[in-house]
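Student: this is the structure alone, sequence omitted:
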């Protein structure tokens with residue numbers, strides 16, 4: 001099984017950006033963590049990050065025939081991107097939404113999730129473990 005783990009804007013700044021919310025671990029640490037969890041689950045992963053909405057849309061459109069499912073942290077685009085919502089709907093890729101923090105406990109505008117409207121499941125508020133939960137979910141349901 002192959003998963004695409006796609007990360008949106010500012011995740012490349014983990015460890016620097018708002019450490020009181022996101023901690024001191026870096027994006028490189030996240031990539032290592034995701035690869036380790038995937039290996040433990042017998043899942044092949046490709047991990048990507050971009051600050052550009054169009055890249056995320058392009059990656060979602062690549063999924064059919066290449067990836068069995070998508071683990072997506074669209075970051076700020078979660079709350080704004082109809083384009084990402086439409087891309088997931090168009091290609092019908094099984095999607096798990098992930099967030100390091102709990103959006104529902106933050107600013108009011110973060111309570112809207114366009115990704116969540118089509119995601120099979122949302123894993124949030126557990127830091128890196130949110131990714132582990134999503135990977136394990138797909139390892140279980142797609143095996």
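Tutor: In hand now; what should we look at? For clarity, every value in this text was computed on a predicted model and none was experimentally measured.
Student: from now on I want contacts and neighbour counts done on CA atoms only, so please keep to that.
Tutor: Will do.
Student: buried ones in the helix or strand of the chain with the lowest mean pLDDT?
Tutor: When the helices and strands of the chain are scored by mean pLDDT, DSSP states H and E, helix 19-22 comes last with a mean of 81. For helix 19-22, the neighbour count (16 or more other C-alpha atoms under 10 Å) marks residue 22 as buried.
Student: swap in stretch 92-109?
Tutor: 93, 94, 95, 96, 97, 98, 99, 100, 101, 102, 103.
Student: and these as TSV, adding pLDDT, distance to residue 109 and secondary structure?
Tutor: As requested, these are arranged in TSV below (pLDDT from 0 to 100; distance: C-alpha to C-alpha, whole Å; DSSP: H, G, I helix; E, B strand; the rest coil):
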residue	pLDDT	distance to residue 109	secondary structure
93	97	26	coil
94	98	25	coil
95	98	22	strand
96	98	21	strand
97	98	17	strand
98	98	17	strand
99	96	15	strand
100	94	17	coil
101	87	14	coil
102	82	13	coil
103	77	9	helix
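Student: after the least confident helix or strand of the chain comes which helix or strand?
Tutor: Counting by DSSP states H and E, the next helix or strand C-terminal to helix 19-22 is helix 27-41.
Student: per-residue confidence averaged over that following helix?
Tutor: What helix 27-41 shows for mean pLDDT is 98.
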